[in-house]
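> Generate a structure from the sequence data that follows.
(one chain, ligands or ions: 3)
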Amino acid sequence: MENFSEWYHEILENAEIIDSRYPVKGMHAWLPYGFKIRKKIIETLRKLLDEDHDEVLFPLLIPEEELMKESIHIKGFEDEVYWVTHGGKAKLKRKLALRPTSETAMYPMFSLWIRTHKDLPLKVYQIVNTFRYETKHTRPLIRIREITTFKEAHTVHKTLEGAEKQVKKAINIYKTFFDSLGIPYLITKRPEWDKFPGAVYTIAFDTLMPDGRTLQIGTIHNLGQNFSKTFDITFETEEGKHEHAYQTCYGVSDRVIASVISIHGDEKGLCLPPKIAPIQIVIVPIIFKETEEEVLEFCKNVEKKLKEGKLKVHLDDRDIRAGRKFYEWEMKGIPLRIEIGPKDIEKNKVVVVRRDSGEKMDVKFDDNFVENIKSIIEKMNNDMRKRAWEKMKKKIYDVDDIKKCKDIINNGKGVVRVIWCGNENCGKNLEEKIKADMLGIEGKSSGKCLNCNEDGKYKVLLAKTY
Ligand SMILES: Nc1ncnc2c1ncn2[C@@H]1O[C@H](COS(=O)(=O)NC(=O)[C@@H](N)CS)[C@@H](O)[C@H]1O
Ligand SMILES: [Mg+2]
Ligand SMILES: [Zn+2]
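Numbering: from 1, shown residues only. Ligands and ions are numbered 1, 2, ... in the order given. As a prediction, the model looks like this:
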């Protein structure tokens with residue numbers, strides 16, 4: 001794990017997640033196993049969003065004049081937009097952008113959909129691919145040019161309070177989502193100079209990767225009335241007045257998958273949270289010639305019982321060495337392995353091995369068998385999440401000395417928490433001094449600004465970032 005980047009690229013290949021050989025930089029093919037993991041993660045996300053959003057689907061191509069409408073927004077994206085300029089041999093009269101994100105695709109339509117207060121709040125999302133011509137170093141699933149798993153939610157409200165309430169709801173949705181994947185997170189309000197182009201403010205979820213750098217795994221933007229004024233999203237109030245609506249949008253991407261792989265993975269390969277593992281349990285028969293029949297028979301019964309319990313189980317009865325099977329399934333991060341040999345069936349039990357801790361347990365194949373397996377799985381989900389949080393918390397340092405900050409940041413030790421006065425120039429100066437990015441404001445604080453010694457106003461986090 002000391003060379004995280006090498007480990008990361010190898011695991012994507014060895015665990016058959018994606019194939020990076022696709023001949024366009026920053027774009028990759030999803031392989032069957034990786035696709036199944038991605039599908040489970042999307043299912044988890046959909047279940048959360050469908051509680052009070054409707055799923056929609058907008059076109060990929062955005063007319064230039066719509067994309068250019070919100071000046072700050074386009075300022076932030078103009079260097080990253082892919083353009084379509086031809087249809088066949090014919091040059092298009094007006095060029096079309098591949099959506100980098102869909103505000104400018106959706107909001108002209110919202111303006112048509114929203115007439116009166118009865119049409120609000122509107123809460124929609126889509127899970128699509130988006131395109132950003134990233135000029136910084138691209139990296140599979142982390143910084144890609146085709147973001148293949150881009151979930152973007154867009155909401156419209158009558159009042160600022162409505163939008164504020166939705167921001168809080170979105171924060172809870174992301175907390176629940178990342179908790180279910182066992183991913184720890186830092187929640188901060190991005191500094192003014194690093195918020196989403198066109199937003200009033202941005203709340204970000206960052207996680208800490210094994211190399212000491214943080215990865216922005218989700219963002220929530222309060223758009224105020226910036227876009228509703230640009231795209232004329234107005235509604236008739238109860239009193240018959242016309243007002244501009246208040247909006248939010250929030251998104252996650254393939255980075256969620258990158259963080260599940262990176263944070264739970266180890267030298268043996270992936271370690272998937274049981275909740276999103278395409279196969280939760282693999283049964284490996286320990287075969288000896290004289291007892292082959294009854295062992296396989298027993299394995300089939302165990303498999304049947306587990307399937308009846310709605311668990312995703314695979315019986316690996318290939319005619320290869322058990323050790324080879326262990327290696328392969330550990331690489332693929334299957335949460336539980338069940339080993340069954342002649343001694344086990346004599347005692348009517350199986351051996352259960354946890355992928356995360358390596359812990360081995362005997363479990364009786366009796367009436368409580370499925371329940372016992374389910375509680376091991378439940379415990380594993382919780383242990384993986386707790387372990388990841390503890391690991392991250394240990395790498396967040398409260399620091400009141402610039403030199404110490406530099407040492408922590410330069411040696412990839414993690415994140416520093418310091419007191420800041422809130423002044424932008426001072427903040428940017430601090431970033432330069434310790435060669436880190438300000439993730440953002442965690443909360444209020446008194447004391448002295450670490451950088452300029454003026455009155456401190458906020459607790460802020462800084463780290464090396466992706
Ligand atoms: N090049 C990229 N590769 C992978 N993920 C990315 C990339 N760029 C952004 N993301 C992820 O996408 C999330 C949402 O992107 S964003 O620009 O912050 N926000 C939006 O686009 C808003 N419309 C909310 S959906 C980011 O938090 C980040 O996790
Ligand atoms: Mg970007
Ligand atoms: Zn200061």
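> Spell out the secondary structure type for residue 450.
Secondary structure assignment for residue 450 (DSSP: H, G, I helix; E, B strand; the rest coil): coil.
> And residue 249, by the same measure?
Secondary structure state of residue 249, per three-state DSSP, is strand.
> Identify the bridge partners of it.
Beta-bridge partners recorded for residue 249 (DSSP bridges): residue 154, residue 221.
> what number of residues lie near it?
26 (other CB atoms under 10 Å). (Glycine included, C-beta is placed from N, CA and C.)
> Check residue 368 too.
Neighbourhood size, residue 368 [other CB under 10 Å]: 11.
> Tell me the confidence at it?
Note on residue 368: pLDDT of 98.
> any idea how far ligand 1 is from it?
42 Å (CB to the nearest ligand atom, to the nearest Å).
> what residues are up against that residue?
Residues in contact with residue 368 (CB atoms under 8 Å, 6 or more residues apart in numbering): none are found.
> Please report phi then psi for it.
With angles defined as degrees, to the nearest 10, residue 368 sits at phi -90, psi 10.
> Tell me who's in contact with residue 353.
Contacts of residue 353 by CB under 8 Å, 6+ apart are 336-339, 359-361.
> where do the helices sit along the stretch 301-450 of the chain?
Here the stretch 301-450 of the chain has its helices, by DSSP state H, counting those that start in this stretch, at 322-331, 342-346, 369-393, 402-410, 424-434.
> Are there helices or strands packed against the fourth one, and which ones?
Under the contact definition 3 or more CB pairs under 8 Å, 6 or more residues apart in numbering; DSSP states H and E, helix 402-410 sits against strand 415-420, helix 424-434, strand 458-463.
> if you average pLDDT over the last one, what comes out?
Mean pLDDT, strand 458-463: 98.
> Which of the residues in that strand are classified as buried?
For strand 458-463, the neighbour count (16 or more other CB atoms under 10 Å) marks 458-463 as buried.
> got it, and the longest one?
Using 16+ other CB under 10 Å as the test for burial, helix 424-434 gives 426-427, 430-431, 434.
> Near ligand 1, which residues of the stretch 151-300 of the chain are found?
Residues of the stretch 151-300 of the chain found near ligand 1 (CB under 6 Å from any ligand atom) are 152, 196, 216-219, 221, 249-255.
> Mind doing that once more with 8 Å?
Neighbours of ligand 1 within the stretch 151-300 of the chain, by CB under 8 Å from any ligand atom: 151-154, 196, 202, 204-205, 215-221, 249-256.
> closest point of the chain to ligand 1, which residue?
residue 251 (2.3 Å; CB to the nearest ligand atom).
> residues contacting that residue?
101, 150-153, 218-219.
> Show me the shaky parts of the protein.
Confidence mapping of the chain against pLDDT under 70 gives the ranges 1-2.
> Find the centremost residue of it, please.
residue 256 (2.0 Å; CA atoms, centre = their mean).
> Toward the C-terminus from the one helix or strand that one maps to, list the very next helix or strand.
Using DSSP states H and E, residue 256 sits within helix 255-264. Next helix or strand after helix 255-264 toward the C-terminus (DSSP H and E): strand 281-285.
> Would you give the sheet partners of that next one, along with the direction of each?
Looking at strand 281-285 with DSSP bridges, its partner strands are strand 313-315 (parallel), strand 336-340 (parallel).
> before we move on, the earlier item: buried sites along the helix holding residue 256?
For helix 255-264, using 16+ other CB under 10 Å, the buried residues are 255-264.
> which helices and strands sit right next to it?
Helix 255-264 packs on helix 4-14, helix 32-49, strand 214-224, helix 369-393, going by 3+ CB pairs under 8 Å, 6+ apart.
> what helices or strands is the first one leaning on?
Yep, that's helix 4-14 we're talking about. Using 3+ CB pairs under 8 Å, 6+ apart, helix 4-14 is in contact with helix 255-264.
> The helix it packs on vs helix 32-49, what angle?
110 degrees (axes from the mean of the first three to the mean of the last three CA atoms, to 10 degrees).
> what's the angle from helix 255-264 to helix 4-14?
On the basis of the same axes, to 10 degrees, helix 255-264 is oriented at 110 degrees to helix 4-14.
> which residues are contacting helix 255-264?
Contacts for helix 255-264 (CB under 8 Å, 6+ apart): 4, 8, 11-12, 15, 17, 34, 37-38, 41, 140-142, 149, 177-178, 181-184, 207, 209-210, 215-218, 270-273, 276, 333, 356, 384, 388.
> before we move on, what about stretch 290-306?
For stretch 290-306, the external contacting residues (CB under 8 Å, 6+ apart) are 281, 283, 285-288, 313, 315, 317, 338, 340-342, 344-345, 350, 365, 369-370, 373.
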